[in-house]
Every structure is written in structure tokens, then in C-alpha cells.
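Asks: following is a predicted model, sequence given first.
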Amino acid sequence: MIPIYLDYNATAPLHPAAREAMLSALDAWPGNPSSPHAHGQAARNALEEARAGLAGLLGFARREVIFTSGGSESNTMVLRWAAEQAVERDAPCHVIVSAIEHPSVLESAAWLAAHGVSVDYLPVNGEGVAELDALEALIRPETRLISLMAANNETGVVQPVAELTARVRALEDGGRRVWVHCDAVQAFGRIPLSLREWGVDAVTVAAHKLGGPKGIGALALREGLTLTPLVLGGRQERGLRAGTESVFLARGFLAAAEWMDAHREELAGRLAGFRALLTERLAGLAGFFENGAAAQRLPNTVNLGFEGVPAQSLLVALDLRGVSVSTGSACSSGALEPSHVLQAMALPAENVESALRISMGFATTQAEVERCAEVIAGEVARLRGGRQGAE
């Protein structure tokens, strides 16, 4: 049995380009980037080259990009800023986040609410797209931050970030500035992004979704937005994140991001074709449904299920057959709780409980997709007691 990996939205396998860049970096730059000697300065130059490359792909200036441990740390840093604003200004502070954000945003928002910051949640429609018409009623004079992801990690549904930012700017008055944060972890490298042109102030990305190494992410901050670091003890990363920077992780991040950028269009077409093939093979099964299918989605992602077939049962059955998929965010796996994303879409409870996420990537083959469809069909029939066609 050859295993099939279709959980790229949780993490992608290490791309060969990233592996090669990291191995080269381990030998080429052994010094600490903060050290003043030649070895340290060589490492610093290599780190800054990686920063500049990623900044260019994000549409930000090199100085505006800081390295972090990943998306969750970056998101937490931005959200915690709102609490600091409330303390510094000794005034009410209000934050808006969408109802379908990653747990690192939603749990940070809950932390803010427990520490005196007012929080509202931007709703989504039945396809999982943020309802921007609700924005005007939510924004207040004390609103300081709005967070909307670029694409959802469970459904793949792309969000109207540019339109949200335009509406926010139109609602601002005088010198009041509402900062807009975008978690672009799932979207970066998979779809074209013009974050700077969209007017976004803070952007979160992570390496391992692209085929880069785990343990490194980046936070792009427009000049004027100053955060308080979560990690103390040094002046690295403009004083926003203490600790010795990892040159080899940064170089692996850049290599993966550059490969994805260079091959994005071709890869997107191939993966969208695989998604169509998969759903075509499964759509004839009784009780089949596909969440977010009418919305613009990441080309690699499909959220689907079969009425009356619990997702957890199907997930385990597929795993035993060597097919790795998921039921949602890897950060909340193990909790066995209903998806907050699908609940926010107001889907029927049976659909929420039966939904699987299948996400593909650069190493996915058509044979794997065809085999996945075959295994799913067989396991759905087995879980239904062999009565697949009778319903």
C-alpha cells in the first residue's frame, strides 16, 4: 500500500528546492547574524537577502518584514497590539475579526475580550464569504483593528480583502486609522496577492504551507504599526522578536516561496483539474455535498462529505487505507469539536459533522487523486453497510 498525502493545508512536504537551499545554508553561513565578525556578517547578509526576497513577493519593503516562528505567533502579535492600544490610550478599544479566522486569531480575540477589549465578529454567508455589508454597522469610533484572512484553511474560500480595506478606508474619519490585518498563510503562493495595493497594514505568512520548513513565518508590517514583542531578550528583528535568527530556515522559506511564485499558474491549473476530477468521481454517490463550491476557492482545496457518514469515521477508515486527509484545521485537531467555519456558514448540522477537507499540492499526482476517489467511494459504502446506492 503506497500512502497518499492530501493534507497540504495542514502542512506541505518539504520541497526539493527548499531542502537544497537549507543544506547549502548550513554549510555556507555558520555564524550568528548578530555577531560583528566576518562569519556573522556573512550570515546577516544571507538573512537579509531572504528577507528582501520575501518582501518583494509580498509587496512590502524589506524593513517591513520580520521573521517569526510561524502564522500563529504572527497572528497573536498583531491581535495583542489592540490590548496595548487600550492601555496606552486609556480609552475604549474595539476589534473586528471574521467568524471563520484561524484559531490563533479567534483565541487571541477571546483573550482580548477577557482583558477589556470589545470584540465583534464579521459574519459570512452560506458559501463562507465574509458579509461586508455588515461592516458599517460593526465599525465604531474606537475600532482599531480588523482581521480578515485571504483564504480559509478549511474550505479554501477566497475572501474579499481588497474590498474590505476599501470600505474601511471610506468609513474612516479625520485622523482615525483602522488597521487591517490579513492572515495570508493559506493563500500565499497559491493565488495572486496584491496586499500592499489592497491597503492591508499587516500580513501573516508561513513557510511550511508552501513546502518550506516548519518553524518559520513572516509578518509584514506597514510603517507606523509598532508592536510589542512576545519574545524578549534581544534586539533582533527590529526589536520585535528576540532570539538568534535561523538563516537556514529563512533561506528554505525563500526558496519554497520563489518556486511557488514561478510555478503558481501552472500548478493552480493542474490542481483545479484534480479537484474537478475528484468531485466528478464522487458526486454520484448518495448524499454527496461540497461546501463553498459556488465561491472562488484556492485551486488545491475541496471541502466535501456524505450525509449520514460521520467525518471522523471516514477519516479513520481512509487513514487505515493509506489516504491522509483531514476534517479541518490542524491546530484544532484532536478536539473533535464541530468546525467553527462550517457552523459560521450556517450549514446543516449533519453536513458539519460529515465534512472532510482534501487539500493537494506540488507533489500530488492524478493517479493519487483517482485512487483517493476510489477509496472514499468504497469506504462510504462500507460505512453505510453496503447500501450506498439505496438511499
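Replies: Nice, I can see it.
Asks: which stretches of the stretch 101-250 of the chain have low pLDDT?
Replies: 174-175 (pLDDT under 70).
Asks: what's in contact with stretch 48-65?
Replies: The contact list for stretch 48-65 (CB atoms under 8 Å, 6 or more residues apart in numbering) reads 67, 188, 193-197, 203, 205, 218-223, 238, 247, 250-251, 253-254, 257-258, 261. C-beta: built from backbone N, CA, C; applies to glycine.
Asks: again, only this time at 6 Å
Replies: Residues from elsewhere that reach stretch 48-65 (CB atoms under 6 Å, 6 or more residues apart in numbering): Leu195, Arg196, Ala218, Ala220, Leu221, Ala250, Arg251, Leu254, Ala257, Asp261.
Asks: helix, strand or coil for the third one?
Replies: It refers to Ala218. strand (DSSP: H, G, I helix; E, B strand; the rest coil).
Asks: report the contact partners of it.
Replies: With CB under 6 Å, 6+ apart, Ala218 has these contacts: Leu54, Val65, Phe67, Val205.
Asks: domain parsing for this protein?
Replies: When the chain is parsed with automatic domain parsing, its domains come out as 4-13+264-390, 16-257.
Asks: what's the span of the last one, first residue to last?
Replies: Length of domain 16-257, first residue to last, CA to CA, to the nearest Å: 12 Å.
Asks: distance from the chain centre to that domain, please.
Replies: 11 Å (CA atoms, centre = their mean, to the nearest Å).
Asks: any idea how far Ile100 is from Leu148?
Replies: Distance of Leu148 to Ile100, computed by CB to CB, to the nearest Å: 9 Å.
Asks: over to Leu122?
Replies: 9 Å.
Asks: which of these two has more neighbours?
Replies: Remark: of Leu122 and Ile100, Ile100 carries more neighbours, 29 against 22, as counted by other CB atoms under 10 Å.
Asks: show me which residues of stretch 7-21 are buried.
Replies: For stretch 7-21, the buried set under the neighbour-count rule, 16 or more other CB atoms under 10 Å, comprises Asp7, Tyr8, Asn9, Ala10, Thr11, Ala12, Leu14, His15, Ala17, Ala18, Arg19, Ala21.
Asks: and the fifth one, what does it touch?
Replies: Residues counted as contacts of Thr11 (CB under 6 Å, 6+ apart) are His208.
Asks: now do it, the pLDDT please.
Replies: In this model, Thr11 is scored at 98, pLDDT.
Asks: quick one on the thing from earlier: quick check: helices, which of the contacts of Ala218 are part of them?
Replies: Among the contacts of Ala218, DSSP state H puts Leu54 in helices.
Asks: for the contacts of Ala218, which two are the farthest from each other?
Replies: Farthest-apart pair in the contacts of Ala218 is Phe67 and Val205; separation 10.6 Å (CB to CB).
Asks: could you point out which element follows the biggest helix by length in the chain?
Replies: Longest helix of the chain, by residue count under DSSP H: helix 247-282. With elements assigned by DSSP states H and E, the helix or strand that comes after helix 247-282 is strand 288-291.
Asks: could I get the average pLDDT for that following strand?
Replies: Mean predicted confidence for strand 288-291 is 97.
Asks: and if you look at stretch 47-64?
Replies: Mean pLDDT, computed over stretch 47-64, is 96.
Asks: just stretch 261-281 next, same as before
Replies: Averaging pLDDT along stretch 261-281 gives 98.
Asks: and Ala346, how many neighbours?
Replies: 11.
Asks: sorry, wrong one. I was asking about Phe60.
Replies: There are 21 residues near Phe60, going by other CB under 10 Å.
Asks: got it, and the one 5 residues further on?
Replies: Number of residues near Val65 (other CB under 10 Å) recorded here: 24.
Asks: number the residues from 13 up from this point.
Replies: New numbering, starting at 13: the last item is Val77.
Asks: so how far is Leu207 from it?
Replies: 12 Å.
Asks: any shared contact partners between those two?
Replies: Joint contacts of Val77 and Leu207 (CB under 6 Å, 6+ apart) do not exist.
Asks: quick one, strands of the protein?
Replies: 16-17, 77-80, 106-110, 130-134, 155-159, 191-195, 214-218, 229-233, 300-303, 313-318, 335-336, 367-371 (DSSP state E).
Asks: mind listing the helices for the stretch 63-212 of the chain?
Replies: For the stretch 63-212 of the chain, the helices defined by DSSP state H, counting those that start in this stretch occupy 83-101, 115-126, 147-150, 173-183.
Asks: mind listing what's buried in the longest one?
Replies: This means helix 83-101. Those would be 83-95, 97-98, for helix 83-101 by 16+ other CB under 10 Å.
Asks: what packs against that helix?
Replies: helix 115-126, strand 155-159, strand 214-218, strand 229-233 (3 or more CB pairs under 6 Å, 6 or more residues apart in numbering; DSSP states H and E).
Asks: please repeat the previous calculation with a cut-off of 10 Å.
Replies: strand 77-80, strand 106-110, helix 115-126, strand 130-134, strand 155-159, strand 191-195, strand 214-218, strand 229-233 (3 or more CB pairs under 10 Å, 6 or more residues apart in numbering; DSSP states H and E).
Asks: try the last one
Replies: Other elements packing on helix 173-183 under the criterion 3+ CB pairs under 10 Å, 6+ apart are strand 106-110, helix 147-150, strand 155-159, strand 191-195.
Asks: using CSV, list the CA coordinates for it.
Replies: Output in CSV follows, covering the C-alpha atoms of helix 173-183 (Å, rounded to 0.1, in the frame of the first residue of the first chain):
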residue,chain,number,x,y,z
VAL,A,173,-9.8,41.5,1.4
ALA,A,174,-9.3,44.4,-1.1
GLU,A,175,-13.0,45.3,-0.9
LEU,A,176,-13.0,45.2,2.9
THR,A,177,-10.0,47.5,3.1
ALA,A,178,-11.6,49.9,0.6
ARG,A,179,-14.8,50.0,2.7
VAL,A,180,-12.8,50.6,5.9
ARG,A,181,-10.9,53.5,4.4
ALA,A,182,-14.2,55.1,3.2
LEU,A,183,-15.6,54.8,6.8
